[in-house]
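Below is the sequence, then the predicted model.
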Amino acid sequence: MKSQEVRERFFRFFEARKHTVVPSAPMVVKDDPTLMFTNAGMNQFKEYFLGNRKPVSARVTDTQKCLRVSGKHNDLEEVGKDTYHHTMFEMLGNWSFGDYFKKEAIGWAWELLTEVFGIDRERLYVTYFEGAADDNLPEDGEAKTLWEAIVPADRVLPGNKNDNFWEMGEQGPCGPCSEIHIDIRTDEERKKVPGSALVNKDHPQVVEIWNLVFMEFNRKADGSLEKLPARHVDTGMGFERLCMVLQGVKSNYDTDVFTPIIREIEAVTTSKYGKDEKTDIAIRVVADHLRAVAFAIADGQLPSNTGAGYVIRRILRRAIRYGFTFLGQDEPFIYKLVDTLSSQMHHAFPEIKAQKNLVVNVIREEEQSFLKTLEQGLVLLDSIISNAKDHTISGSKAFELYDTYGFPIDLTALILGERGYALDEEGFRKELQKQKDRSRAATAVSTGDWVVLSEDDEEEFVGYDTLETRVRITRYRKVNSKKDGEMYQVVFNLTPFYPEGGGQVGDKGYIKAANGDVVYITDTRKENNLIIHLTKNLPRNTEGSFTAVVDANQRRRTSANHSATHLLHQALRVVLGEHVEQKGSSVHNNHLRFDFSHFSRMTQEELQQVEDFVNARIREQLPLEEHRNTPYQQALEAGAMALFGEKYGDTVRTVRFGESMELCGGTHVKNTGDIWHFIITGEGAVAAGIRRIEAITLDAAKEYFTSQAEIFGEVKAALRNTSDPVKAITALQEENSALKKQLEALMKDKAGNLKKELAGSFEHIGNVRFLATTVDLDTPAVKDLVFELGREHENLFVLLATEQQGKAVLTCYISKELASERDLNAGKVVRELGKYINGGGGGQPFFATAGGKRPEGIPEALEHARTFIASK
Ligand code: ATP
Ligand code: MG
């Protein structure tokens, strides 16, 4: 059964059981500080379990793109080495939100696997939670009984908290689970050792395929468990593992999910899969990481130096390094695989095809730059080796290579090994730990439990229509982070405050109690669908109602910038072409930033056209047309632009100004005229194929014009208020260059005259032509002068002093034959005489200069030159 069909059958099965098929959420998580990437199908439904939100449908099913490379679930180091863990994988799931429970979940899972997919029952093992004393949890007898009704008792196994109590993270929804494992060993092997002995023992052919979680609890910050308001079902089945079983192969990499990619890797790198272990691991790493990185980029997460971007960069670098070391690839090659990946996956995930060009470009660029780093690292490693005192390289040296040059430690160890050197790995680990501790201390956040004042309300955002309203506090909690210090997060029953999102900053403002107490809201954010208001302190009385007031001035400016980004987006597509797609934006009250896909620097002309286009829309005074509850498909059909990697609900808000129409949750001006004026202040590159425009509007644009006008006023005043300053400046420039030419000619004349004059005043000391005097020339002219004198006269000793802007310079010239015969050295002379002008210098035996800060010392220096030469 082809993988495509496996997915389809799964959906059809649950659709027939009244489940709604929903799309995968993006793999990159944007509004949950506890999670960078989706690591399980349930992430996008977390708030439904907690009861903070109501689901649209009580039963849903989907396939979710997951990435397990950070936090509680991190499989990165296993990937490639084993055959059934990936960084990115698909998790098939069915959900009940307070609807059906264990009986249906267990019965349907068994029916699907054994009847629809026809898996041999004898090969399946199931587990149930055996209970845990420390959490005061009993055995899951209900699941045990349900399983034993359909599976022989010797294949129903108890499991401990580690395997059979599922938790998303340190905090959050959790509950006992039942896992289904499959034994795909040969009949012979199965006779020797029963599968029940290998369940949960990391055996590559006795693996878990499906986990049925029965959500009942919430793990609180203090570690205790509380009952959830309702009971839910959350299941997750590894799609690639299921394909492995259904296609009768022994490794996920031998399914049609991976084989086309592996064939392509073989072709591109001229290597062979299935011959030796090291090559195989490298090929699996590349095949796996390609998927993770490509989908992350398609979801809008570019490799970078911080946060989620850094994780993606590290995954890609791991693949590059395996390719470099084990597949002999010292030129970019991973980007060449994107095509194959795209044709393999685009049916289920169209974003990979739509974003293909960008993905290819970004990967290629990353490969190029990291390969350069590897090269530099190799050179550095060479020098470390040749400077080594013994045959062990210290941990701190290896750490420097790793930290400053991004040179991977296993590669360092490998190369050292090949050269007969050892690495102090313990020392390296210590350095690494130190760094981790430093960064943990810098970002540590502690979060208290919510204090819930009222349960029933769902928080409503009213900030599109009003900036001031009566609110009640429904919950709050204390958070403590290094960055912000101690703060409170407060949630209201309804709020006019816009939470940071869609690139737009969060609103500020205040709430005022009936007793006059005022509490300032310093920022507003969204976490897991809750709108959270940040405050330094709580009101004395948290009960009762408050007047909530948004800082209108900031909101007005921010809205103008947000509307301007929409017009800018439209302008770029008109001026540059339809390939332009938004790749990020940041909308503040005093400026805006817009990142978009485009492959070359914009010309001055294009920038002007874009600016003019936006300003023309502003002059047209286009009214805002806003629709809050348009069904998603209908909005797209009407031509609204949606962004990749953004999660949209079933109904969406559309924002339209004339021909510009986007899906957007941000705040906007009522009329484009309110933007006043749009000015581009910068254009540049952010990453391969991605450019950034920075711009200002409204007050910032006014301030810009005002300050320009001021500068212009000053320029005019300096030009004696001429009516045509440009003409006046051009005239000045012309006059200036004419004067320069005259000056040069005069200087030449002067130097010529001076030369004659000086030649006439040589003093003869012995056979030496001696000259020590002050001249009024600049340093290059002095040099020319002494060299010319030197060409025309023999046995010369010249010391010329100049004074310019409070500084003294001594220039000494000694004819070459004199320098060697008499052992005279101009360098020594200027160093010796430099003392008098409080300075120093040097040069060659026949020519040297010294500069100093004490021009008063010049006469003394000249005088000493005479005594010096006389003594010689
Ligand atoms: P394992 O013990 O094999 O690591 P798990 O207990 O971490 O699995 P769950 O968190 O229960 O797995 O995830 C549900 C299902 O997702 C698993 O039954 C498995 O089929 C699949 N799965 C989990 N991790 C991976 C991974 N890294 N790569 C591919 N599939 C995975
Ligand atoms: Mg795991």
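Yes, it's here. Ligands and ions are numbered 1, 2, ... in the order given.

all contacts plus neighbour counts: C-alpha atoms, from now on.
Fine.

Contact residues of the stretch 1-150 of the chain facing ligand 1?
By CA under 6 Å from any ligand atom, the residues of the stretch 1-150 of the chain that approach ligand 1 are 75, 84-87, 89, 91.

who wins for neighbours among these?
In terms of neighbour count, His86 stands highest of those at 30 neighbours, by other CA atoms under 10 Å.

pLDDT at that one, what is it?
At His86, the pLDDT value in this model is 97.

cool, and Thr667?
Value for Thr667, per-residue pLDDT: 97.

That one - how many residues pack around it?
Counted with other CA under 10 Å, Thr667 comes out at 20.

Was I right to think it contacts Tyr464?
Yes - counting by CA atoms under 8 Å, Thr667 does reach Tyr464; the two are 6.3 Å apart.

what about dumping the CA coordinates of the helix or strand containing Ser343 to CSV?
Secondary structure from DSSP states H and E places Ser343 in helix 338-345. The C-alpha coordinates for helix 338-345 follow below in CSV (Å, rounded to 0.1, in the frame of the first residue of the first chain):
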residue,chain,number,x,y,z
VAL,A,338,14.4,19.4,-2.7
ASP,A,339,12.8,18.7,-6.1
THR,A,340,12.4,15.0,-5.3
LEU,A,341,11.1,15.8,-1.8
SER,A,342,8.6,18.2,-3.3
SER,A,343,7.2,15.7,-5.8
GLN,A,344,7.0,13.1,-3.1
MET,A,345,5.1,15.2,-0.5
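
Could I get the average pLDDT for the helix or strand just after it?
Heading C-terminal from helix 338-345, the first helix or strand you meet, by DSSP H and E, is helix 351-354. The pLDDT scores in helix 351-354 average 92.

Kindly report the same for stretch 309-323.
pLDDT averaged over stretch 309-323 gives 92.

which bits of this protein sit near ligand 1?
Residues of the chain lying close to ligand 1 by CA under 6 Å from any ligand atom are 75, 84-87, 89, 91, 208-211, 236-238, 241.

returning to what we had before: among the residues of the stretch 1-150 of the chain next to ligand 1, name the ones in strands.
89, 91 (DSSP state E).

Need the residues of the stretch 1-150 of the chain next to ligand 1 in a markdown table (columns: distance to Glu431).
A markdown table is the format used below for those (distance: CA to CA, whole Å):
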| residue | distance to Glu431 |
| --- | --- |
| Asp75 | 23 |
| Tyr84 | 32 |
| His85 | 29 |
| His86 | 29 |
| Thr87 | 27 |
| Phe89 | 33 |
| Met91 | 37 |
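
which one of the residues of the stretch 1-150 of the chain next to ligand 1 sits closest to Leu732?
Thr87 (66.9 Å; CA to CA).

Helices of the stretch 551-700 of the chain, residue ranges please.
552-575, 604-619, 632-637, 698-718 (DSSP state H, counting those that start in this stretch).

Which helix in the protein has the most residues?
helix 725-759 (DSSP state H).

now for that helix, which elements pack on it?
Identification of packing neighbours for helix 725-759 by 3 or more CA pairs under 8 Å, 6 or more residues apart in numbering; DSSP states H and E yields helix 779-792.

quick one: what helix or strand has Glu179 in it?
Short version: Glu179 belongs to strand 172-183, going by DSSP H and E.

Kindly point out the strands partnered with that strand and how each is oriented relative to it.
strand 124-129 (antiparallel), strand 165-167 (antiparallel), strand 206-219 (antiparallel) (DSSP bridges).

just the ones you listed: most buried one?
Highest mean neighbour count among the strands paired with strand 172-183 (mean count of other CA atoms under 10 Å): strand 124-129, with a mean of 26.
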